[in-house]
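Trainee: Pasting the sequence and the predicted model now:
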Amino acid sequence: MMPFSIRFGLVAALTCSGPLLKAQPAGDQSQELADILSTEQIQAASKKVQSVANAPADVVILRGSELRAQGYRTLGDAVGGIVGFRSNEDHAYQGLGVRGLYVLDDQNTRVLVLLDGHALNSPAELASGKLGEDFGLPLELVDRIEIVRGPASSLYGNNAFQALINVVSVDAAGSQGTPFKAGLSVGGNGLAELWMDGSAKAGSTSISLMLNGFQRTGTEQAYPELQAQPLPARLDREEQQSAYLRLQGNEWSFAGFCNSRTQVLASAPFGYQIGNQNNLYTNRRLSGDFRWEPHTETIHWMLRLFGDRNEFHDGFMPAPGRGSTGTLYDWDPDRSLGAEIQGRAQLSTRFSLTFGTEQRLHRFSGTTLADGGNQRIFSEVNYRIGNTYLEGNWQPLDQLSLVGGLQGAEWKPSTIFITVNGLDQGIAKTGITRLTPRFSAVWSPTSTDVLKLIYGQGFRFPTLYERYYTDGNALFPNSELKPEVMDSEQLCWSRRCTPALRVQASFSCFQWQHLAVSTEAPVGSEHFVYENSKNGIHGKSLETEATWRQGSSEISGGLGWYQWAQVNGRLDNVSAWNGVLKAMHHWGSWSLAGDARYVGSRENAATQSAVPGTWTLRASVRGEFSHGWGQLSLEDLTNSRRQDLVGPEYDPITRMMADGRSVRLTLGYKL
């Protein structure tokens, strides 16, 4: 638990930040910043543009100017600087804990990640979301990050379970103005990154192309449970290449994205050899998204046609005595084509309607070669995911708006063919359907206060791995696995105390049913199957936040308290406290920014392991010039090396350490 003195100090700093800084006259600049604060717009909350104050959800926006000033490198780093979120790293993927809880073994299947409205969660990788280097877009090219805290399944369907993150690129935001930009970053841990972004105009069509390449040597990995010398940094190396093409016309747009990322793993899950340089994960993605948005007198239409190809590869070397008897190789491609049609109608001055349907056809074909190739597993699953939604917004009074919605989702397989060494497993084709409601009331009792009462429900369909994967020996499929369901009730209050100061507090309750967990199958103690937990989960959270802007200075921060419990049991990897404090100051073409983050202690009863609460500090100084910029960023200034718990598949390893203190220099050029 966070010590009382630290909690008191953080709250005091947020409450008294105005008097502690030298006050400046409230001139045009501070008033402009205050106006931005009260009129910021978001699209992710209701699939339409609206102000943050009127959005029927607990929402946060990270502005591009803040991302650049703070010098964040990955999406997980940026979102981890918001109260209610924390990153969880196992040096394979960057996970995201939401409101104190990160389910071990999860690969962000419970947070929906969007890039310009296109979902990045990949069925080929257990529906994983992209938060680390696998995201692929430099944050220098991000206009804003829109975040919904809480379920958003009533509009977005699967994976919008605990939260929703929509990253809006600079060109997608219509802020194209620099024909060419390029950046080069070098730093600790052998970091080297080069990206460039160019744009042009051809008649009424805007064209933009981003190219990005990244590599790092990594850091030494030490595992106290093994009582061995640290493993060399080369066993933690990583590389990534990506490209993003955007075309924009008067009523249409197209975005094409490709990304390839390879991570060498010093650790090894599932009993394979720790420290073998051939252990690795490779993720590849190719996607396209076309949108046409014609306007009529009564309805704003949007038609989307999109497709994705996701590939996941892994390879692990055997470790005698740890349960593995030969090399393991996986190749899991998933291909999909989809379409969405949406309409937004303003039926009267006080009532509007949003309706639509999204349908996606998937074809998954996976190959697993285990035991040095002696065991061969082939999987083919063809399935359809459908999502139909309807949401109405009624404003009976100028100060009150009511939002109600209902979404129907379907997961329907057409082909399931899984063989182990040529033997068909005979898995049943069982479909899943879900109805998901949503209701919210947004009331402005005064010109400076906003109250939001929000009820939402989220669901997460079982992943292909959880429902169908089998090795015919130790892990068995469960075609009857149900979707996870979360009911959420939230009460949010925000107040604009002065033109420079805004505060917010929120209280939330959660009820989580059907958590998918790996359990022992009846056939024997060494055989496992994914089942829905019969014990429900209950959670509570209380979060307070404040933002103060005066002249060219800004201070923001918050404190969150979280409590999670499972009926007849306990939950692992829960952090009871989360604190964030940020500061930025601009003078002329220079800026200085930094943040401090606190994540409370966490425990894992299954492995009898725990990690302590940790403060992490970072700072960045940036200079803007006529044809470029320079930035020096320092991460983990005190070298605290936060520790994160990992799932049981890494046994005997129970925790892993962050990279620690590092310095990064970035030089940029622009026309």
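Mentor: Alright, I've got the coordinates. Model, not experiment: these values are computed from the prediction.
Trainee: Once you drop chain neighbours, what's closest to Gln511?
Mentor: Asp487 (4.5 Å; C-beta to C-beta, 6 or more residues apart in numbering). The way it works is simple: take the backbone N, C-alpha and C, and place the C-beta from them, glycine included.
Trainee: tell me the contacts of that neighbour?
Mentor: Tyr455, Gly456, Gln457, Phe510, Gln511 (C-beta atoms under 8 Å, 6 or more residues apart in numbering).
Trainee: would you list these in CSV and tack on distance to Gln241, neighbour count and pLDDT?
Mentor: Shown next, in CSV, are the contacts of Asp487 (distance: C-beta to C-beta, whole Å; neighbours: other C-beta atoms under 10 Å; pLDDT from 0 to 100):
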residue, distance to Gln241, neighbour count, pLDDT
Tyr455, 43, 17, 96
Gly456, 38, 26, 92
Gln457, 39, 21, 93
Phe510, 39, 23, 96
Gln511, 43, 14, 96
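Trainee: Give the phi and psi angles for the residue nearest to Gln511, as a check.
Mentor: Dihedral pair for Asp487: phi -100, psi 130, per degrees, to the nearest 10.
Trainee: again, but for Leu75
Mentor: According to degrees, to the nearest 10, Leu75 has phi -60, psi -40.
Trainee: picking up where we left off before, for the contacts of Asp487, which one is nearest Asn387?
Mentor: Nearest to Asn387 among these is Gln457, at 13.9 Å by C-beta to C-beta.
Trainee: Return the set of residues that bridge with the residue nearest to Gln511.
Mentor: On the basis of DSSP bridges, Asp487 is bridged to Gln457, Gln511.
Trainee: How many residues are close by Gln513?
Mentor: As a burial measure, Gln513 scores 17 neighbours (other C-beta atoms under 10 Å).
Trainee: repeat for Arg460
Mentor: When neighbours are counted by other C-beta under 10 Å, Arg460 registers 27.
Trainee: surely it meets Leu112?
Mentor: No. Arg460 is not in contact with Leu112 according to C-beta atoms under 8 Å; the separation is 9.6 Å.
Trainee: Need the overlap of contacts for those two.
Mentor: In contact with both Arg460 and Leu112: Asn158, Asn159, Phe161, using C-beta under 8 Å, 6+ apart.
Trainee: Show me which of the residues you listed is closest to Gly84.
Mentor: Minimum distance to Gly84 across the shared contacts of Arg460 and Leu112 is 14.5 Å, recorded for Phe161 (C-beta to C-beta).
Trainee: I'd like the shared contacts of Arg460 and Leu112 laid out as TSV, including pLDDT and distance to Ser287.
Mentor: Below are the shared contacts of Arg460 and Leu112 laid out as TSV (pLDDT from 0 to 100; distance: C-beta to C-beta, whole Å):
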residue	pLDDT	distance to Ser287
Asn158	90	17
Asn159	90	16
Phe161	92	22
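Trainee: Tell me the bridge partners for the residue nearest to Arg360 when sequence neighbours are not counted.
Mentor: Spatially, and ignoring its direct neighbours in sequence, Arg360 is nearest to Gly338 (3.6 Å; C-beta to C-beta, 6+ apart). Here Gly338 sits in beta bridges with Phe306, Arg360, going by DSSP bridges.
Trainee: what sits against Gly338?
Mentor: Counted by C-beta under 8 Å, 6+ apart, Gly338 has contacts Arg304, Leu305, Phe306, Gly307, Glu358, Gln359, Arg360, Leu361.
Trainee: Ok, Glu239 next?
Mentor: By C-beta under 8 Å, 6+ apart, the contact set of Glu239 is Gly213, Phe214, Gln215, Arg216, Arg261, Thr262.
Trainee: ditto for Ala339
Mentor: Leu303, Arg304, Leu305, Phe306, Glu358, Gln359.
Trainee: Now for this protein: which strand has the highest residue count?
Mentor: strand 375-397 (DSSP state E).
Trainee: helices or strands up against whatever helix or strand comes next after it?
Mentor: Per DSSP states H and E, the first helix or strand lying C-terminal to strand 375-397 is strand 400-420. Helices and strands touching strand 400-420, by 3 or more C-beta pairs under 8 Å, 6 or more residues apart in numbering; DSSP states H and E, are helix 153-156, strand 375-397, strand 432-443.
Trainee: any idea which helix or strand carries Leu184?
Mentor: Assigned by DSSP H and E, Leu184 falls in strand 180-187.
Trainee: what residues does that strand touch?
Mentor: Outside strand 180-187, the residues that reach it (C-beta under 8 Å, 6+ apart) are 73, 138, 140-141, 191-199, 633, 662-671.
Trainee: which among those residues end up buried?
Mentor: Neighbour counting by 16 or more other C-beta atoms under 10 Å classes 73, 138, 140-141, 191, 193, 195-197, 199, 633, 662, 664, 666, 668, 670 among the contacts of strand 180-187 as buried.
Trainee: picking up where we left off before, please produce TSV containing the helices and strands packed on strand 400-420, extended by mean neighbour count.
Mentor: Formatted as TSV, the helices and strands packed on strand 400-420 follow (neighbours: other C-beta atoms under 10 Å):
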stretch	mean neighbour count
helix 153-156	27
strand 375-397	18
strand 432-443	18
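Trainee: least reliable of these going by mean pLDDT?
Mentor: Of all the helices and strands packed on strand 400-420, helix 153-156 carries the lowest average pLDDT, namely a mean of 88.
Trainee: Next SSE downstream of that helix?
Mentor: strand 163-169.
Trainee: in the sheet, who's paired with the closest residue to Gly405 other than its chain neighbours?
Mentor: Excluding the flanking residues, the one nearest Gly405 by C-beta to C-beta, 6+ apart is Glu391, at 3.4 Å. Beta bridges link Glu391 to Thr354, Gly405, judged by DSSP bridges.
Trainee: Only C-alpha atoms, please: export the one helix or strand Cys492 maps to in PDB.
Mentor: Element membership for Cys492 (DSSP H and E) is strand 484-496. The C-alpha coordinates for strand 484-496 follow below in PDB (Å, rounded to 0.1, in the frame of the first residue of the first chain):
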ATOM      1  CA  GLU A 484     -16.500 -12.700 -20.400                       C
ATOM      2  CA  VAL A 485     -19.000 -10.000 -19.300                       C
ATOM      3  CA  MET A 486     -18.500  -6.900 -17.300                       C
ATOM      4  CA  ASP A 487     -21.100  -4.500 -15.800                       C
ATOM      5  CA  SER A 488     -19.900  -1.100 -14.900                       C
ATOM      6  CA  GLU A 489     -21.500   1.800 -13.000                       C
ATOM      7  CA  GLN A 490     -19.600   5.100 -12.900                       C
ATOM      8  CA  LEU A 491     -20.300   8.500 -11.400                       C
ATOM      9  CA  CYS A 492     -18.000  11.300 -12.600                       C
ATOM     10  CA  TRP A 493     -17.900  14.900 -11.500                       C
ATOM     11  CA  SER A 494     -15.700  17.600 -13.100                       C
ATOM     12  CA  ARG A 495     -15.500  21.200 -12.200                       C
ATOM     13  CA  ARG A 496     -13.800  24.200 -13.900                       C
END
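Trainee: Name the residues of that strand that come out as buried.
Mentor: By neighbour count with 16+ other C-beta under 10 Å, strand 484-496 contains the buried residues Glu484, Val485, Met486, Ser488, Gln490, Cys492, Ser494, Arg495, Arg496.
Trainee: Throw those into JSON lines and include distance to Arg597 and pLDDT, thanks.
Mentor: JSON lines is the format used below for the buried residues of strand 484-496 (distance: C-beta to C-beta, whole Å; pLDDT from 0 to 100):
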{"residue": "Glu484", "distance to Arg597": "28", "pLDDT": "95"}
{"residue": "Val485", "distance to Arg597": "31", "pLDDT": "96"}
{"residue": "Met486", "distance to Arg597": "25", "pLDDT": "95"}
{"residue": "Ser488", "distance to Arg597": "24", "pLDDT": "96"}
{"residue": "Gln490", "distance to Arg597": "23", "pLDDT": "96"}
{"residue": "Cys492", "distance to Arg597": "22", "pLDDT": "96"}
{"residue": "Ser494", "distance to Arg597": "22", "pLDDT": "95"}
{"residue": "Arg495", "distance to Arg597": "25", "pLDDT": "95"}
{"residue": "Arg496", "distance to Arg597": "26", "pLDDT": "94"}
